[in-house]
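**Student:** Predicted structure and sequence below. I'll ask about it afterward.
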Amino acid sequence: EGVVQIVGNDYAFAAAKSDGSVISWGDSGQGGDSSRVEDRLQEGVVQVVANGAAFAAVKSDGSVITWGDSGVGGDSSRVEDRLQEGVVQVVGNACAFAAVKSDGSVITWGDSGVGGDSSRVEDRLQEGVVQVVANGAAFAAVKADGSVISWGDSGQGGDSSRVEDRLQEGVVQVVGNVCAFAAVKSDGSVITWGDSGVGGDSSRVEDRLQEGVMQVVG
């Protein structure tokens, strides 16, 4: 009784209960065994987020607890000091996590090649971020000024330099699929980047994406 949320990754499940506790089961090495952090999952959990092989639990005090495959985000010890308070959003992709804090900064951990290492853009992630969106192998952060910063696998959306001049302002929505991103701007236009074969190149329909778009779904 009392289960209010169930989240699954590729190998395991985690259930959050109304008393703030979490129960996990499945492949023990991929998040099904949370005994390592069990004492911290007895109360206060308000949300559980999954990536491909790990889980992250956000607590009411703004702290984050992780478990699962250590190489893809189950071990957050490298950034643990920054996950003790103030976290308001956690997002997972296939093998990494990103957390947005109340001060608008972003912390990342997990597989460095798919977004677990955001050092390349760290100076731009210190403040002003209001949302982070994931695709399968990268992240995109939307800032309060309407700009977008991306990192992760460069061929799958982690490098937005090709369209960077169009991502400096006015973005109101970003959507990711497996290997690409699409951004909707306040003028109704759409910008895309990432793997050209799965939506990162919208040049074929570019003339129809210059205005009037209200929403993109991926």
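**Tutor:** That came in fine, so what should we check first?
**Student:** for the most centrally placed residue in the chain, what are its contacts?
**Tutor:** For the chain, residue 91 is the residue whose C-alpha lies nearest the centre (Cα atoms, centre = their mean; 2.8 Å). By Cβ atoms under 8 Å, 6 or more residues apart in numbering, the contact set of residue 91 is 49, 97, 98, 99, 100, 132, 133, 134, 139. Every residue, glycine included, has its C-beta placed from N, CA and C.
**Student:** what does the domain assignment say about the protein?
**Tutor:** The chain breaks down by automatic domain parsing into domains covering 1-85, 86-218.
**Student:** With mean pLDDT added, can I get the ones you listed in a markdown table?
**Tutor:** Below are the domains of the chain laid out as a markdown table (pLDDT from 0 to 100):
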| stretch | mean pLDDT |
| --- | --- |
| domain 1-85 | 99 |
| domain 86-218 | 98 |
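**Student:** who's in contact with stretch 97-107?
**Tutor:** With Cβ under 8 Å, 6+ apart, stretch 97-107 has contacts from 49, 51, 54, 56, 62, 64, 66, 73, 76, 79, 82-83, 86-92, 108-110, 115-116, 118, 125-132, 134, 139, 141, 143-144.
**Student:** Enumerate the positions of stretch 66-77 that are buried.
**Tutor:** 66, 67, 68, 69, 70, 72, 73, 74, 75, 76 (16 or more other Cβ atoms under 10 Å).
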